[in-house]
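Peer 1: Provided below for reference: sequence and predicted model.
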Amino acid sequence: MSTAPSPAPAPRDHWRKPSFIANPVLRWLVYGGAILYVVWTLAWLPIDWVRVAEGIERAGRIFGGAFPPSFERSGLLIDGFLESLKIAILATFGGVILSIPIAFMAARNVVPKAVFYLGRAIIIVARSFHPVIVAIIFVKAVGFGPLAGVLTLIVYSIGFVAKMLAERIEEIDFGQVEAMRAAGAPYLSTLIYAVVPQIMPRQVGLTIYQLDSNLRASAVVGIVGAGGIGSTLANAFGRYDYDFALAITMVIVGVILLSEAVSGQIRKRL
Amino acid sequence: MLKISDLVKRYGGGEPVLKNLDLTIEGESVVSIIGSSGAGKSTLLRCINRLVEPTSGSITLNGTELTRLRGAQLRRARRKIGMVFQGFNLVERLTVMENVQSGRLGYISTWAALMRRYPREDIRRAYELMERVGIAHYADKRADELSGGERQRVGVVRALMQKPEILLADEPTASLDPKTSEQIMGLLRDLSRELKLPVLINIHNVHEAKEYTDRIVGMRYGRIIFDDLPRALDQEAMDRIYSGSPAADRAGEMRAAS
Amino acid sequence: MTLSDLGRDDWTRFTLKQRLQRYAVFAACALAIGWAISSIEVIWAWVWDAPSQMGDLFGRMIPPDPSNLGAILRVLWETVNIATIATAFAVILSLPVAWLAAQNTTPNRATLWVGRFILVSSRSINTIIWALLFVAIFGPGIVAGIVAIMFRSIGFVGKLLGEAIEEIDKRPVEALEATGASRLKVIAYAIVPQVMPTFWAVSILRWDINLRESTVLGLVGAGGIGIILQGAIDTFNWREAATVLLAILGLVILGEIVSAWLRRRIL
């Protein structure tokens, strides 16, 4: 070791990993707050533990009643499924058509600011409400049945497709638009030649994805009366027909898996 | 001392990648293995610490037969073998200190490992080694913030933290620029002397092999055909090691046999 | 040689084969839509009536009635808690399932299929359907809701986590195995840090989605603000329903802002 004015320090023998939140006050606040939240919430949530214990036992009985699944009322099942399919087809068709103008309205680069805010607001409202809520409202407005289901899923589709499409429109290569304008093309022609080809592939992919999505969702909106296999399922639960309910659920899962596989394959080929 | 006898490695039913290899590494020397791609250099190295399973043969390290070990015994044996990789193989999101301490994972308790409560002795040693190779000031930095040469140094320290009886290096400089490459080779040579540690290096760059190592082993399609001092590696030996193709070799063998 | 000598004066965008394909696809779509429209059980009179019905309903919602706002906000907070607690538990439970369902960490083929089966069934059954089941088991109340959200979320988080585990850089795993570390330590040091960012991003995303899902649990009896909404609708108290809807809108938008901010901070 040297005897220079500042000798080398002995090697350190302790080390702590730098914390994710550097500021110690903030760190204690966050961790402490989180723990407090969990304890407080669990204490205050109105949980009836007796009921929970009973539930385990009841679950046993229900699962016993559910096996084996009963397909004897398969006519009802098929009707329900077909109705869901029709709802999904029409909702995708209507939803996609409506999404196109709304998407243009919500794209910053093709419309004035005021229109843009309106378009975005429409999309936000369409997305924020769970389809079940939308379904209940439509059921109250136009009555029970698949019409409410179609309208609900049109809103649901707009919420997704218009948003994705708007993002795609905002990402287009503006050079192509400029080229058309420079050549003197009118507005509509510019749209068709410069914008539409750029968004078409995305549009088709989104449509197929949404068809799959709507098929899943149509199973659910039926539960509140908007038609489709969901209402068949809700009825089965209501009548304690658990074996039928299991059959319906299995069909729903099967259809979802099939639809996911098919739609994935098609989109890959695009 | 590392003693490899009659080592064979065959994948599937084809031509063996390693053909009845014999190799002995003694004492504190730096040994380099050179050869063209496909010669089996990497396979040979990985058979030693069983990252690749030998088909047959024997590998003993200081008396312990490595090829038969399993489970906890294998892990204990691996502690004694340090390895440095071409791609550095660090955990990018962890700090340099954690990467370095991961060399001790075979020795510390699970709790200490998960909580990052490393023994003081280990931390002291880590700082000493990092100081020695020049990365001590990076201890708290994430590994992916370092340059290539610095990352390889972390890899070297991690291997040394194991207090290994032998250090294996699989093309440690192939991903580095020439200047950094020479720095790492020099580091390996110096550390070998300081720590009295045998080092076995796979290397492409023959110039570096001659410059920084004490003994050169030349492989050709699974066999060792050269094993001598660096100055004995002349053009003729280089040609023997690097030229030709497996098919030509096999044709030659068949002709010689007939 | 002039340009006109080149001969061709016709051009079509698609070859005959392509055109036939496109017509076929269009025809199939038109057929599907036509079939759906013709056979769906809809009273067409009601369809034309729909816009005015919607307008009527909308009219009855304005102006929203804030008199019950205190109770609404309290139950809304309870709804947030349902979503948060359920997401937290689900995320923790999805860790072992994801580990089982990832090809590079699962002990054997049987466990791989068990893991995958759990994930698929969890993902394919909608939260509401799970809620129906658990209301039947546990009775109406938030327990059914929390468990329903948990069961659905495990599949979502587990699938994305499993994929993240399969996509890691395997080289540090190799290096740590070479040092003689046990399997658990290798996982903790080489796999977990690589998967962490995805883990947090997916958890936060699922929390955001669950906020939305938890607003409707009450509509099947599984707790949360859905109960108040259902109550208002059943008693035709449209103006209170409007207040609830606005509260839900506010919650969802707030949730999206928070979750987007959190995800930006993590990455």
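Peer 2: Right, received. Where do you want to start? Numbering: from 1, shown residues only, chains lettered A, B, ... in the order given.
Peer 1: thought residue B:166 was touching residue B:80?
Peer 2: Yes: between residue B:166 and residue B:80 there is a contact under CB atoms under 8 Å: 7.3 Å. Yep, even glycine has a C-beta here, placed from its N, CA and C like the rest.
Peer 1: mutual contacts of these two, please.
Peer 2: residue B:61 (CB atoms under 8 Å, 6 or more residues apart in numbering or on different chains).
Peer 1: counting neighbours, what do you get for residue C:34?
Peer 2: By the criterion of other CB atoms under 10 Å in any protein chain shown, residue C:34 has 11 neighbours.
Peer 1: element containing it, please.
Peer 2: In the assignment (DSSP states H and E), residue C:34 maps to helix C:16-39.
Peer 1: what's that helix packed up against?
Peer 2: When contacts are defined as 3 or more CB pairs under 8 Å, 6 or more residues apart in numbering or on different chains; DSSP states H and E, helix C:16-39 packs onto helix A:74-105.
Peer 1: near chain A, which residues of the stretch 51-200 of chain B show up?
Peer 2: Residues of the stretch 51-200 of chain B lying near chain A by CB under 8 Å from any CB of the partner chain: B:95, B:97-98, B:116, B:118, B:120-121, B:123-124, B:126-128, B:131, B:139-140.
Peer 1: in helices, which of those residues fall?
Peer 2: Assigned to helices by DSSP state H, the following of those qualify: B:97-98, B:120-121, B:123-124, B:126-128, B:131.
Peer 1: among those residues, name the buried ones.
Peer 2: By neighbour count, with 16 or more other CB atoms under 10 Å in any protein chain shown, these hold B:97-98, B:123-124, B:126-127 as buried.
Peer 1: of those residues, closest to residue B:6?
Peer 2: Closest to residue B:6 out of these is residue B:126 (39.4 Å), distances taken as CB to CB.
Peer 1: show the contacting residues for that closest one.
Peer 2: Residues near residue B:126 by CB under 8 Å, 6+ apart: A:15, B:97, B:100-101, B:118, B:139, B:157, B:161.
Peer 1: how about a cut-off of 7 Å?
Peer 2: Contacts for residue B:126 (CB atoms under 7 Å, 6 or more residues apart in numbering or on different chains) come out as B:97, B:100-101, B:161.
Peer 1: now the two most distant members of the buried ones among the ones in helices among the residues of the stretch 51-200 of chain B next to chain A.
Peer 2: For these, and using CB to CB, no pair is farther apart than B:98 and B:124, which are 16.2 Å apart.
Peer 1: now do the buried residues in stretch B:209-216.
Peer 2: B:209, B:212-213, B:215-216.
Peer 1: of those residues, which are in range of chain C?
Peer 2: Filtering those for proximity to chain C by CB under 7 Å from any CB of the partner chain leaves nothing.
Peer 1: which of the residues you listed fall within strands?
Peer 2: Among these, the ones falling in strands (DSSP state E) are B:215-216.
Peer 1: can you lay out the buried residues of stretch B:209-216 as CSV showing distance to residue B:75 and pLDDT?
Peer 2: Conversion of those to CSV gives the following (distance: CB to CB, whole Å; pLDDT from 0 to 100):
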residue, distance to residue B:75, pLDDT
B:209, 32, 92
B:212, 31, 93
B:213, 30, 93
B:215, 30, 94
B:216, 32, 94
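Peer 1: so which of the buried residues of stretch B:209-216 comes closest to chain A?
Peer 2: Checking the buried residues of stretch B:209-216 against chain A by CB to the nearest CB gives residue B:212 as the nearest, at 28.2 Å.
Peer 1: circling back: so which of the ones in helices among the residues of the stretch 51-200 of chain B next to chain A is the closest to residue A:233?
Peer 2: residue B:98 (51.3 Å).
Peer 1: so for the closest one, what's the pLDDT?
Peer 2: On pLDDT, residue B:98 comes in at 95.
Peer 1: stretch B:119-132: how far from the chain's middle?
Peer 2: Taking CA atoms, centre = their mean, to the nearest Å, one finds the center of stretch B:119-132 at 22 Å from the center of the full chain.
Peer 1: ditto for stretch C:244-262
Peer 2: Distance of stretch C:244-262 from its chain centroid, counting by CA atoms, centre = their mean, is 15 Å.
Peer 1: show the average pLDDT along that stretch.
Peer 2: On average, stretch C:244-262 scores 92.
Peer 1: list the buried ones in it?
Peer 2: Residues of stretch C:244-262 classed as buried by neighbour count (16+ other CB under 10 Å): C:244-245, C:247-248, C:251-252, C:255-256, C:259, C:262.
Peer 1: next one: stretch C:180-191
Peer 2: For stretch C:180-191, a neighbour-count test (16+ other CB under 10 Å) marks C:180-182, C:185-191 as buried.
Peer 1: could you do stretch C:86-102 as well?
Peer 2: For stretch C:86-102, using 16+ other CB under 10 Å, the buried residues are C:86-91, C:93-95, C:97-102.
Peer 1: columns distance to residue B:153 and secondary structure on top of the buried residues of stretch C:244-262, output as a markdown table?
Peer 2: Output for the buried residues of stretch C:244-262, formatted as a markdown table (distance: CB to CB, whole Å; DSSP: H, G, I helix; E, B strand; the rest coil):
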| residue | distance to residue B:153 | secondary structure |
| --- | --- | --- |
| C:244 | 62 | helix |
| C:245 | 61 | helix |
| C:247 | 58 | helix |
| C:248 | 56 | helix |
| C:251 | 52 | helix |
| C:252 | 51 | helix |
| C:255 | 46 | helix |
| C:256 | 45 | helix |
| C:259 | 40 | helix |
| C:262 | 36 | helix |
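Peer 1: quick check, nearest of the residues you listed to residue B:185?
Peer 2: Among the buried residues of stretch C:244-262, residue C:262 lies closest to residue B:185 (CB to CB), at 46.5 Å.
Peer 1: since that was my last question, I'll sign off now.
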